[in-house]
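[1] Here is a sequence together with a model predicted from it:
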Amino acid sequence: MRFPSGPKSGPAAVFFLALALRALIAWFSNGRVAAAMDGTFYDIVARRIALGQGYTWQWPDGAVTYAAHYPVGYPALLGGAYALFGPSLWIGFLLNALVGALCALCIYRLTLSLTAGLSSERSRALAFLAGLIVAILPTLLFYTPALMTEGLVTLFILASAVGVAEAKEASQLDGRLGLRSIGVGLGLGLATLVRPQSVLFAPVFGWLLGRRLAISRRIGLMALVSTVVLLTVSPWMARNCARMDRCVLVSANGGWNLLIGTFPEGEGGWAAVEGARVPSNCREVFAEAAKDACFGAAGRVRIAEAPWAWLRLVPQKLRVTFDYTGAASEYLSRAGALSEPGRLRLGGLEIITQRLLFGLALVAVVRASRGRGGAFGNMPWAARLGAVLSGAGYLGLGAAYGHLGLWLATRATARSRPPISLAFLFWSLGLTALVHAVFFGAGRYTLPLLPLFAPLAALAFDKDPAQVLTSRGPAPDN
């Protein structure tokens, strides 16, 4: 491969290519793409924040109330941009373009960490290729005009992951590792303000930070990172306690989402809480936080009364989340920018290119597991089983099965434990599956996972991926 490999040209090329492509999409979308879905709410609240009115909502009768239904992180950032440059959707599109370009840069750095045991030229070439994948992947590219949270939460999680991956392994907890833990916790705290379930990454990232420490020290890092996350969100929680009808950690929609996840008519996805689906004891509850609490209690009652019916929805939720992943086409269609044939064409392109991305990751693992002889029979039996399951999953059985098979094949190939940079991918897949098995699914929730496949996919083009993925290779971040 002959990609830019100088100490500065690679990351700069990745960043500016991703930014230029997204800026072009933003320019073309100006005046053509309206705010849609949750983005309608984020745009309205951001405009109010820009005017100094805070996170409030004005009702049709003119009444203004404090709100916290959706997480504050994205509308706060969008409101800051509106305050500086004017309340225009074009500004939001450009902000998203910058966020997407920074995500590509984070993947470049994660790939450098993954391939640190290779020659510098080979490592930088693979990092450039991974960053290029993130720069041009259609779902990530065409999601630029979406005034939604996925891009921003992806950036904060990736930045935190870079902080973990680039931490020097230490045999004891020292000041540098402690400071890095605080930085990682701050990044995850910001991610939690954008999407509350990001708090689940706090103990995971703390555990990975102390990968060479004794278990007691690793638990201490888990506690430290989790504490920093909670401290980061605590000012907003204090605001909610003071302004809302009851205390709310970040947003007042967890109860809604739990209740929605019990509706069989949603078939694993979103269903409106309206009509007969509104619990009778919640119909006269109008305060925002109290209604969310009432819906959450009703959801728990429904689960307790019919646990098997709720569990039978889990496969549907995972299918909606991992199989129907045309997030950009859905948003652009809802925003009035795509006709139905256009939605189907772009959605098909999204799914095909995502499966190609997953397939390249699988190719890298299979090539590494087959060894120098190159025969399928050389692979450990668990790797063979995982590869077959993964291939069948990506070709039609279901992407969730494909991801499970990829995890199994990677674990068997690594023989001890996969490189730390790949641990982010598998933890993210697991946590995403867990959250949306409990609540409800949607394809856009997997968008933050897509960049994490890029480093592994890039290895499919390397001459010897086993040097990174197996124990015989000198990858120092194992």
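    Arrived safely.

[2] I'd like the distance between Val278 and Tyr401.
    In this structure, Val278 and Tyr401 are separated by 36 Å, where distance is defined by Cβ to Cβ, to the nearest Å. In this view, the C-beta of every residue, glycine as well, is placed from N, C-alpha and C.

[3] Give me the most central residue, the chain.
    Note on the chain: the residue nearest the mean C-alpha position is Pro448, at 2.5 Å, using Cα atoms, centre = their mean.

[4] distance of it from Ala327?
    Looking at Pro448 against Ala327, where the rule is Cβ to Cβ, the gap reads 10 Å.

[5] what about Thr40, how many residues close to it?
    Counted with other Cβ atoms under 10 Å, the neighbours of Thr40 add up to 14.

[6] Glu340 now?
    Using other Cβ under 10 Å, Glu340 is surrounded by 8 other residues.

[7] Spatially nearest residue to it (excluding sequence neighbours)?
    Here the nearest residue to Glu340 in space, its sequence neighbours aside, is Ser333; by Cβ to Cβ, 6 or more residues apart in numbering that works out to 7.3 Å.

[8] One more: Phe15?
    Across the structure, with Cβ to Cβ, 6+ apart as the measure, the residue nearest Phe15 apart from its sequence neighbours is Leu105 (4.7 Å).

[9] That neighbour - that's part of a helix, no?
    Yes. Counting by DSSP: H, G, I helix; E, B strand; the rest coil, Leu105 falls inside a helix.

[10] how far away is it from Arg211?
    The gap separating Leu105 from Arg211 is 24 Å, by Cβ to Cβ.

[11] Neighbour count: these two, which is higher?
    Per other Cβ under 10 Å, whichever of Leu105 and Arg211 has more neighbours is Leu105, with 24 against 17.

[12] From what I see, that one and Gly131 are in contact.
    Yes. Proximity of Leu105 to Gly131 meets the contact threshold set by Cβ atoms under 8 Å, at 6.9 Å.

[13] Show me the common contact partners of those two, please.
    Applying Cβ atoms under 8 Å, 6 or more residues apart in numbering, one finds that Leu105 and Gly131 are jointly contacted by Pro11, Val14, Phe15, Ala18.

[14] buried set for the helix or strand where the second one lies?
    Secondary structure assignment for Val14, by DSSP states H and E: helix 9-29. Within helix 9-29, the residues that qualify as buried by neighbour count (16 or more other Cβ atoms under 10 Å) are 10-11, 13-15, 17-19, 21-23, 25-26, 29.

[15] cool, stretch 204-224 as well?
    By neighbour count with 16+ other Cβ under 10 Å, stretch 204-224 contains the buried residues 204-211, 213, 217-218, 220-222, 224.

[16] Just the terminal-to-terminal distance for it.
    Across its full length, stretch 204-224 reaches 12 Å between end residues, using Cα to Cα, to the nearest Å.

[17] quick one: average confidence on that stretch?
    Predicted confidence along stretch 204-224 averages 90 (mean pLDDT).

[18] now it: how far from the chain's centre is it?
    Between the mean C-alpha location of stretch 204-224 and the chain-wide mean there is a distance of 22 Å, by Cα atoms, centre = their mean, to the nearest Å.

[19] what about Val64, neighbour count?
    A count of neighbours around Val64, defined by other Cβ under 10 Å, yields 12.

[20] Isn't it up against Leu51?
    No. Using Cβ under 8 Å, Val64 and Leu51 do not qualify as a contacting pair, with a distance of 11.9 Å.

[21] per-residue confidence at the residue of the chain most remote from its centre?
    No residue in the chain has its C-alpha farther from the mean C-alpha position than Asp61, which lies at 37.8 Å (Cα atoms, centre = their mean). You'll see Asp61 listed with a pLDDT of 89.

[22] doesn't it fall inside a strand?
    No. Counting by three-state DSSP, one finds Asp61 to be coil, located in no strand.

[23] What's the first helix or strand after the helix holding Val14?
    For helix 9-29, the following helix or strand on the C-terminal side (DSSP H and E) is helix 38-50.

[24] So which elements touch that next one?
    The contact analysis (3 or more Cβ pairs under 8 Å, 6 or more residues apart in numbering; DSSP states H and E) places helix 38-50 against strand 56-58, helix 73-85, helix 89-114.

[25] try 6 Å
    Judged by 3 or more Cβ pairs under 6 Å, 6 or more residues apart in numbering; DSSP states H and E, the packing partners of helix 38-50 are helix 73-85.

[26] Flag every buried residue along the helix it packs on.
    Of the residues in helix 73-85, those buried by neighbour count under the rule 16+ other Cβ under 10 Å are Gly73, Tyr74, Pro75, Ala76, Leu77, Leu78, Gly79, Ala81, Tyr82, Ala83.

[27] Report the angle between that helix and helix 38-50.
    Using axes from the mean of the first three to the mean of the last three Cα atoms, to 10 degrees, the direction of helix 73-85 lies 50 degrees away from that of helix 38-50.
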